[in-house]
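Trainee: Curious how this folds, go ahead:
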Amino acid sequence: MAEKPSRVTGNLGIHGVTKAITFEAEESGQSFVMGMQRAGLTANTKITRKDARSGLGIGRRGFPGGGK
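Mentor: Numbers count the residues shown, from 1 in each chain. Below you'll find the predicted structure:
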């Protein structure tokens with residue numbers, strides 16, 4: 001098992017908005033499957049819905065302009 005957290009970087013897409021993200025992940029296990037070594041990682045994060053809506057023209061109620 002890893003002694004320190006690993007950094008995992010990738011792209012996360014939600015509702016057409018894609019952002020680069022980096023997680024601090026901990027190794028949760030290893031296995032050898034079909035001739036290849038595999039590692040399991042565990043990570044937690046918090047996603048802000050406001051960030052997922054940015055650039056979509058969707059207001060706070062899900063309608064363009066805010067759905068007054």
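Trainee: Neighbouring strands - and their directions - for the longest strand seen in the chain?
Mentor: Longest strand of the chain, by residue count under DSSP state E: strand 17-33. If you go by DSSP bridges, strand 17-33 pairs up with strand 6-14 (antiparallel), strand 36-42 (antiparallel).
Trainee: where's G29 relative to G16, distance?
Mentor: 34 Å (Cβ to Cβ, to the nearest Å). Yep, even glycine has a C-beta here, placed from its N, CA and C like the rest.
Trainee: Send me the longest strand of the chain as CSV with only the CA atoms.
Mentor: Extracted in CSV, the C-alpha atoms of strand 17-33 (Å, rounded to 0.1, in the frame of the first residue of the first chain):
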residue,chain,number,x,y,z
VAL,A,17,-18.9,21.9,-18.8
THR,A,18,-15.5,20.1,-18.6
LYS,A,19,-12.9,21.1,-16.0
ALA,A,20,-9.4,19.7,-15.1
ILE,A,21,-9.4,18.3,-11.6
THR,A,22,-6.8,16.8,-9.3
PHE,A,23,-7.7,14.4,-6.5
GLU,A,24,-5.6,13.4,-3.5
ALA,A,25,-6.2,9.7,-3.6
GLU,A,26,-5.2,6.8,-1.2
GLU,A,27,-4.4,3.4,-2.5
SER,A,28,-7.1,0.9,-1.4
GLY,A,29,-5.7,-2.3,-2.9
GLN,A,30,-3.8,-4.0,-5.7
SER,A,31,-4.5,-7.0,-7.8
PHE,A,32,-3.0,-8.8,-10.8
VAL,A,33,-5.7,-9.4,-13.5
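Trainee: Give me the neighbour count for L12.
Mentor: 14 (other Cβ atoms under 10 Å).
Trainee: I figured it was touching T18, is that so?
Mentor: Yes. Contact criterion Cβ atoms under 8 Å: L12 and T18 qualify, at 6.9 Å.
Trainee: low-scoring stretches of this protein, by residue?
Mentor: 1-5, 51-68 (pLDDT under 70).
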